[in-house]
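Student: Sequence plus predicted model, see below.
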Amino acid sequence: QVQLAESGGGLVQAGGSLRLSCAASGRSFSTTAMGWFRQAPGKEREFVAVISWNGGTRYADSVKGRFTISRDNARNTVDLQMHSLKPEDAAVYFCAADSHRTWVVSITPGGYEYWGQGTQVTVSS
């Protein structure tokens, strides 16, 4: 059974930092893209960052320069380091993994077949 498990969410003051981690189990995602999305109450799930199998990255404009995505293919993990957090970054953050496409890096939720349960990030102003 394939599972993605996020950790690292919590409450932080504006301007602070958090590091989210996602551990995959059940299969390897070393040849496909993995990403982070977020969803705030009443809003659609939105793209945050993605990393290709060989380390190429893309970020949403709203997080560029503040967030960094990284992966460890040997450990089957993907992390999201978040700095200079703003109240508008508050959301449930989801880890996602593409099941089979090596050369496709999607920034839409429909591009990912596997999802974690999400971890809450709260930013106080």
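Tutor: Ah, there it is. Bear in mind the structure is a predicted one, so any value in this text is a computation, not a measurement.

Student: For the residue nearest the centre of the chain, which non-adjacent residue is spatially closest?
Tutor: Centroid-nearest residue in the chain, with Cα atoms, centre = their mean: residue 36, separated by 2.0 Å. In space, and not counting its chain neighbours, residue 36 is closest to residue 48: 4.3 Å by Cβ to Cβ, 6 or more residues apart in numbering. Using the backbone N, CA and C atoms, a C-beta is placed for each residue, glycine as well.

Student: residues in contact with the one you found?
Tutor: 35, 36, 37, 38, 59, 60, 63, 67, 80, 93 (Cβ atoms under 8 Å, 6 or more residues apart in numbering).

Student: now do residue 107
Tutor: Contacts of residue 107 were listed using Cβ under 8 Å, 6+ apart, and they are 35, 47, 50, 58, 60.

Student: same check, this time on residue 60
Tutor: Contacts of residue 60 by Cβ under 8 Å, 6+ apart are 46, 47, 48, 49, 107.

Student: Try it again at 10 Å.
Tutor: Residues near residue 60 by Cβ atoms under 10 Å, 6 or more residues apart in numbering: 36, 37, 38, 46, 47, 48, 49, 50, 67, 107.

Student: In strands, which of those residues appear?
Tutor: Using DSSP state E, the members of those that fall within strands are 36, 37, 38, 46, 47, 48, 49, 50, 67.

Student: Buried only: go through these for me.
Tutor: 36, 37, 38, 47, 48, 49, 50, 67 (16 or more other Cβ atoms under 10 Å).

Student: hey, where'd the strands end up in the chain?
Tutor: 3-7, 10-13, 18-25, 34-39, 46-51, 57-59, 67-72, 77-82, 91-97, 114-115, 119-124.

Student: Compare those strands and give me the one nearest residue 103.
Tutor: Between residue 103 and those, the tightest spacing by Cβ to Cβ is seen for strand 46-51, at 13.2 Å.

Student: Work out the gap between the closest one and the centre of the chain.
Tutor: Remark: strand 46-51 is offset 6 Å from the chain centroid, using Cα atoms, centre = their mean, to the nearest Å.
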